[in-house]
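**Q** let's see this in three dimensions:
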Amino acid sequence: MMSIFSKYSSKSWYADIYEKSELSKMKWDAIKDAELFGTFFKTWVIIAIGIAVVALVLWIIAKFIKSPKEYSDTLSIVNSAVITFVVASIINIILSKIYAPLGIIFMFAVSIYIGYSVIFAYERLLEVEDTDKLVLISTGVFTVLLVVLIVVFCAATGTSLKSINALMDLL
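**A** Coordinates of the predicted model:
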């Protein structure tokens, strides 16, 4: 969206060639062609599905530990992490305009903070005294999930799992 507005602004090289009314018409034509509203809706649906899946994985881990906590409890942990990430992304845009490496360092620090906050909130939510069992079950569930994601990704891209080179080519 920003690229459309900057491309057809009065400061771009298009302003030297076209009149203001033509620039405005070209800008709105580009916005219509970009299908921004459909893309925006699809993005938020994908994000909502991702939030629900992460909360579901956490809820499954809680059920393996035999915790009586509900799905809504794990969903609230994931939602607070996503809200923190959205606010940090907005701040990152501002910081990146000032100095790009500052934005990268900020997002790295925020990612670590979000990871720790989810881990500690989840541990407190489950009220588990034996954290070894929590770590073991969490590692097992995340490993199974990672293997399933790799198999699905390889099936979708047509990549063979026969060699490590084919897997490394995906990176």
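**Q** which residues sit in contact with the residue nearest the centre of the chain?
**A** Nearest residue to the geometric centre of the chain (Cα atoms, centre = their mean): residue 47, 6.9 Å. Residue 47 is in contact with residue 82, counting by Cβ atoms under 8 Å, 6 or more residues apart in numbering. All C-beta spots, glycine's among them, are computed from the backbone N, C-alpha and C.
**Q** average model confidence for the host helix or strand of it?
**A** Using DSSP states H and E, residue 47 falls within helix 36-64. Mean pLDDT, helix 36-64: 80.
**Q** ok so, going back, distance of the residue nearest to the centre of the chain relative to residue 53?
**A** 11 Å (Cβ to Cβ, to the nearest Å).
**Q** just to revisit the earlier point, taking helix 36-64 as reference, get the angle to the helix or strand following the helix holding residue 47.
**A** Using DSSP H and E, the helix or strand that follows helix 36-64 towards the C-terminus is helix 71-98. Angle, helix 71-98 to helix 36-64, by axes from the mean of the first three to the mean of the last three Cα atoms, to 10 degrees: 130 degrees.
**Q** mind listing what's buried in helix 71-98?
**A** The neighbour-count check on helix 71-98 (16 or more other Cβ atoms under 10 Å) flags 73, 74, 75, 77, 78, 81, 82, 88, 92, 95 as buried.
**Q** how distant is that helix from the center of its chain?
**A** 9 Å (Cα atoms, centre = their mean, to the nearest Å).
**Q** just checking, what packs against the helix or strand just after it?
**A** As assigned by DSSP H and E, the chain's next helix or strand after helix 71-98 is helix 100-126. Contacts defined by 3 or more Cβ pairs under 8 Å, 6 or more residues apart in numbering; DSSP states H and E place helix 100-126 against helix 36-64, helix 71-98, helix 131-157.
**Q** so which of the ones you listed is nearest residue 121?
**A** Comparing those by their distance to residue 121 (Cβ to Cβ), the top pick is helix 71-98, with 4.9 Å.
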